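Asker: Everything below, folded, please.
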Amino acid sequence: MLRNALSTLLRHSAVYAVAEQLSRLAGFLLLPLTTGYLSPAEFGLREILAVSLSLLAQIAGLHLGAAVSRFYFERSDPAERRRVVSTAVLAVSLFAAVTALLLAAAAPSLAQLLPGNDAESVTYVRLTVGIFAFQTLRELTNKVLQTEQRSTLFAGLSLSKLLVELAGQIVALAVLGLGLVGVLWAILLSEALFAALGAAIALGRAGLSFRASLFLPMLAYSLPLIPNGALQFGLHSSDRYLVGALAGEDALGLYALGYKLGYIPNYLVLGPFLLIWYPFVFSLGERPLQRETVGRLAHIVLTVLGAVCLGVALFARELTAASTGQPEYLAAEAVIPWVALGYWFWGLFQFLQTGFYVEKQTARLPLLTLAALLVNLYVNGVLIPICGFLGAAISTAITFAVLCAATLPSAQILFPVRYRWNRVLGPMGLAILVWLASGALPQDWSPGAQGAAKLAAFAFWGCACWWGLTLDRDERASAVRELRRRLRLCPTGPSAGR
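Answerer: Predicted coordinates for the structure are as follows:
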């Protein structure tokens, strides 16, 4: 049974990974364009608008996406499952629309809070509010597709949206020369189109049925997640505001670029994994199987995440140079390893907090997140004046490590999981040592020689993980058998394409 469950998880995660990562890849490919047409200060302003958008989504979305997955799998009657979907979509549509109208009316006041407030700021705010309303609805309908395990449709919609939004931003920047306003218009039109399409698909299957008897318990489940989501927003994004206030607008632009590149492990591994992780765990049903699955997967997933973290840390300089042709952005490379390390700890936290969702004890999460946020604000306040924007990156790693340490005791009492801690922490510990050692490479070596040395260091780390640091003998044998089985299923030879 566990093997079948893992196969389902991997299959859907792979589809989500392709869809999500092509979208992320397009964003990274656009970086040379955006950094070419936007100054560091404008790039930083764009980041402030983006993170403010995330905060709005945390509040007005009501976190009903999490409730959809939980309540959907509690019901076996297809009609009841459809009512769960339709109730959530209608409720989120209403809340998002009301919130957007109120914020649009307050745009002149909100614009004064933006860095470098100018005549365009009110327009920036109103466009961002419009994006928020449509994005909130679209993300809920995506959650419905994930819950229903319609990964192929999810991928098709994601890729279509990617192409539309990408084309719009290129035209706005390179053809029309509209700058930041053009970028925001391109995003708004894309979100509106695909929010409408997603709602039509979800409600086309589920109908227009709103049940207060369903909405109220779903709301009770998700309400504790609203302050927790807002607090997690603070964990992930308050540093942008602090860097802008304490280090200046140009420093904010550099930090925003470095953070995006340090966030690559989350894009490539953790994000796609989490799209299916919680619905997958809920679908297992039995508590012993749920706990066993969490324990058996944690060290494997975290090693894969650690591999990407090590890769971006070793090649931080090359990533920064490839992402922008503007010399004024190159200092952003210092941020990348610290942010990547922080998101490895964030990945560990996802496993630790799973039990709170399974046991419907989500009210505990805001307290843990608040404690971590206070640590984050304090460490940022100390380090940014000393280290500039690098202090915020270091604070990210410290904060998420503290969050894991604070979560573990209560999580294990509520939902005891047998983690193999030597295999969870060992690979990342070795990765940190490898990264530190790479800093001793002679600076007079050619780029090719340095790259070869870094690849050799990465290969050493990978071999250590394969030969015992992560996998034991049985796991290695199982992985080899599964690879051989899949290779036998792949057609080869001249007839393969017929």
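
Asker: going forward, measure contacts between C-alpha atoms and count neighbours the same way
Answerer: Will do.

Asker: Moving C-terminal from the one helix or strand L193 maps to, which element do we reach first?
Answerer: Using DSSP states H and E, L193 maps to helix 179-206. Sequence-wise, the next helix or strand downstream of helix 179-206 (DSSP H and E) is helix 212-222.

Asker: CA atoms of that next one as PDB?
Answerer: Included here for helix 212-222 are C-alpha records, laid out as PDB according to Å, rounded to 0.1, in the frame of the first residue of the first chain:
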ATOM      1  CA  ALA A 212     -23.500  27.400   5.300                       C
ATOM      2  CA  SER A 213     -23.400  24.000   7.200                       C
ATOM      3  CA  LEU A 214     -20.200  23.300   5.200                       C
ATOM      4  CA  PHE A 215     -18.700  26.800   5.200                       C
ATOM      5  CA  LEU A 216     -18.800  27.300   8.900                       C
ATOM      6  CA  PRO A 217     -16.700  24.300   9.900                       C
ATOM      7  CA  MET A 218     -14.400  24.900   7.000                       C
ATOM      8  CA  LEU A 219     -14.000  28.500   8.200                       C
ATOM      9  CA  ALA A 220     -13.400  27.300  11.800                       C
ATOM     10  CA  TYR A 221     -10.600  25.100  10.500                       C
ATOM     11  CA  SER A 222      -9.000  27.700   8.300                       C
END
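
Asker: for the helix holding L193, packing partners?
Answerer: On a contact count with 3 or more CA pairs under 8 Å, 6 or more residues apart in numbering; DSSP states H and E, helix 179-206 meets helix 78-105, helix 121-147, helix 151-170.

Asker: Could I get the buried residue list for stretch 92-108?
Answerer: Buried residues in stretch 92-108, counting neighbours by 16 or more other CA atoms under 10 Å, are found at V92, S93, F95, A96, A97, T99, A100, L103, A104, A107.

Asker: now swap in stretch 441-450 and tell me
Answerer: Residues Q450 are the ones in stretch 441-450 that count as buried (16+ other CA under 10 Å).

Asker: Endpoints of it, how far apart?
Answerer: One end of stretch 441-450 sits 7 Å from the other (CA to CA, to the nearest Å).

Asker: got the contact list for stretch 167-177?
Answerer: L33, T34, Y37, L178, G179, G182, V183, A186, I187 (CA atoms under 8 Å, 6 or more residues apart in numbering).

Asker: Make CSV out of these and add pLDDT.
Answerer: Shown next, in CSV, are the contacts of stretch 167-177 (pLDDT from 0 to 100):
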residue, pLDDT
L33, 73
T34, 78
Y37, 73
L178, 85
G179, 84
G182, 89
V183, 87
A186, 92
I187, 90
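
Asker: would you list these in a markdown table and tack on distance to F389 and neighbour count?
Answerer: Listed next are these as a markdown table, based on distance: CA to CA, whole Å; neighbours: other CA atoms under 10 Å:
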| residue | distance to F389 | neighbour count |
| --- | --- | --- |
| L33 | 23 | 17 |
| T34 | 21 | 24 |
| Y37 | 23 | 17 |
| L178 | 29 | 16 |
| G179 | 25 | 16 |
| G182 | 28 | 18 |
| V183 | 26 | 21 |
| A186 | 30 | 22 |
| I187 | 28 | 22 |
